[in-house]
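Undergrad: 3D, please:
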Amino acid sequence: MSEYLPNSQHVPLDVMEEILDHLAEDLFALRNCALVNTSLWFCTRTRLYRHITLTGRASKRIVLLARTLEENPTLGASIKALTTTRLRFDAHNPLFDLPFHRLSKLRNLRLQWLRINSPDEIFFVLSKLRTLERLECDMLFTNTNHAPPHDLHGSFPKIESLALPRLKCLVLKPGAWCDGLLAEGFLDRHRQSVDSLETIEISFGENAPETLPWISIIRAAAGSLRSVVISAADRPLPGCSDARDGLTLPAGYRSYHAYLMDTLAQCTVLESLTLKHRPFSFKHASSSQEFLESVCEVLERHPPPFPLLECLELSMIDREGAMISASPSLCSRLARILLDGSKYPLLRRIKLRVNPQIWLADSENWVARDGKVRLGDETNEQLVARWRAAFGALHGGSKVSFDVQLEA
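TA: Coordinates of the predicted model:
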């Protein structure tokens, strides 16, 4: 029957393009298409190069990629996303061997499980990617603790003189590196790279002090931010043994949560807000209910700070039956505010994500601060139902959906 099948060389180009678009996420099928004939190979290779991932000991693959792009310069413009994960090296970081000058249309850069020496290395990479829109730093590490910026090769131009792309999305996730210096570098030397952000995610879990420098980034981009995801952890009280040196709240704020929410209130075009509350595990911290109190206080303001808000998501901890950041009065107060159609007429979704925290025998401060912890058996369904009942007043909105789930 093969003689009756149409020769792919005679298939209209737009038809081939449409077929390949449907296979865009199926790399195996795309590779097979590339082997059919020359016509399909030319159409397919640009899709295969859209997202490049480099992992492990990738030095040889980076050399091969550089050689390929040198022989086919137009292919570099096909690369829209680049991910580096778990790059292993001894002395020389292969990341800096990438042919950045060939990636003329790169939009997304994800650096994951990467060892760096200073934020200047990230600024140097950004300076080579003028079309970049999204930067994600996930689990970055450094050999030194808060090492000062320095040249890696001694051949970097002055970091202050580098022109960086205007980012639309910035994602920072946990790691063990000098991310605070990265925030300071953006603010002091490259503010134009972050002052037009539309999306920012700062997810540092219980490490609230590391979040503090990034609140200033939110303030700088307040006029353009449409989506914010940020950790909201209880901070140790000033002067206590658990406090972190060098990171203090600005004067006039009673808590970290009040400072964060006051900054977010300046984001007047915000459409989506996700707050991840992570209670501090020791007794030297502000009350965990400061979180929800600060959220309510800002949402109650007149005029409302977020007139365009469509989605609010709250992520909170359940400690073996103790809902330490929520009380019946605060739950009712939040519902009364959010369901007031005159305040937030565009609000359509309220999401509650519950993160169960396993009891640890040596965490006696949980009991000291938050009352007796119940150590009974409870299914996931029962836990969700308990939180749903606590925020039951949120079910009263006809135009607003309310969803409770365990956090993935």
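Undergrad: Show me the helices in the stretch 301-408 of the chain, by range?
TA: With helices called from DSSP state H, counting those that start in this stretch, the stretch 301-408 of the chain shows them at 328-338, 365-370, 380-390.
Undergrad: Would you reformat those as JSON lines and include mean neighbour count, mean pLDDT and distance to residue 177?
TA: Bear in mind the C-beta positions are built from the backbone N, C-alpha and C, glycine included. What follows is the helices of the stretch 301-408 of the chain, written out as JSON lines (neighbours: other Cβ atoms under 10 Å; pLDDT from 0 to 100; distance: least, Cβ to Cβ, whole Å):
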{"stretch": "helix 328-338", "mean neighbour count": "18", "mean pLDDT": "94", "distance to residue 177": "36"}
{"stretch": "helix 365-370", "mean neighbour count": "16", "mean pLDDT": "49", "distance to residue 177": "29"}
{"stretch": "helix 380-390", "mean neighbour count": "14", "mean pLDDT": "93", "distance to residue 177": "35"}
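Undergrad: Could you export the ones you listed as CSV, including distance to residue 87?
TA: As requested, the helices of the stretch 301-408 of the chain are exported to CSV (distance: least, Cβ to Cβ, whole Å):
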stretch, distance to residue 87
helix 328-338, 44
helix 365-370, 39
helix 380-390, 37
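Undergrad: how about those helices, which one is nearest residue 132?
TA: Nearest to residue 132, of all these, is helix 328-338, at 36.1 Å by Cβ to Cβ.
Undergrad: any residues touching the closest one, and which ones?
TA: By Cβ atoms under 8 Å, 6 or more residues apart in numbering, the surrounding residues in contact with helix 328-338 are 289, 292-293, 295-296, 299-300, 312, 343-344, 347, 350, 390-394, 396-397, 400.
Undergrad: if you set the cut-off to 7 Å instead, what comes out?
TA: 289, 292-293, 296, 299-300, 312, 343-344, 347, 350, 390-391, 393-394, 396, 400 (Cβ atoms under 7 Å, 6 or more residues apart in numbering).
Undergrad: Please flag which of these sit within strands.
TA: 312, 350 (DSSP state E).
Undergrad: Could you tell me which of the contacts of helix 328-338 count as buried?
TA: Buried by 16 or more other Cβ atoms under 10 Å: 289, 292-293, 296, 299, 312, 343-344, 347, 350, 390-391, 393-394, 400, out of the contacts of helix 328-338.
Undergrad: now, which of these sits nearest residue 68?
TA: Closest to residue 68, out of all of the buried ones among the contacts of helix 328-338 and judged by Cβ to Cβ, is residue 312, at 46.3 Å.
Undergrad: pretty sure the closest one is touching residue 270, no?
TA: No: counting by Cβ atoms under 7 Å, residue 312 does not reach residue 270; the two are 9.9 Å apart.
Undergrad: Let me know which of the helices of the stretch 301-408 of the chain is the nearest to residue 98.
TA: helix 380-390 (44.1 Å).
Undergrad: Next, the angle helix 328-338 makes with the closest one.
TA: Orientation check (axes from the mean of the first three to the mean of the last three Cα atoms, to 10 degrees): helix 380-390 against helix 328-338 gives 70 degrees.
Undergrad: Show me what helix 380-390 is in contact with.
TA: 318, 323, 326, 331, 352, 354, 356, 404-406.
Undergrad: For it, C-alpha coordinates in PDB please.
TA: Provided in PDB are the C-alpha atoms of helix 380-390 (Å, rounded to 0.1, in the frame of the first residue of the first chain):
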ATOM      1  CA  ASN A 380      -6.300  13.200  54.700                       C
ATOM      2  CA  GLU A 381     -10.000  13.500  54.000                       C
ATOM      3  CA  GLN A 382     -10.800  14.400  57.600                       C
ATOM      4  CA  LEU A 383      -8.000  16.900  57.700                       C
ATOM      5  CA  VAL A 384      -9.300  18.700  54.600                       C
ATOM      6  CA  ALA A 385     -12.800  18.600  55.900                       C
ATOM      7  CA  ARG A 386     -11.700  20.200  59.200                       C
ATOM      8  CA  TRP A 387     -10.000  23.100  57.400                       C
ATOM      9  CA  ARG A 388     -13.000  23.400  55.000                       C
ATOM     10  CA  ALA A 389     -15.300  23.700  58.000                       C
ATOM     11  CA  ALA A 390     -13.000  26.300  59.700                       C
END
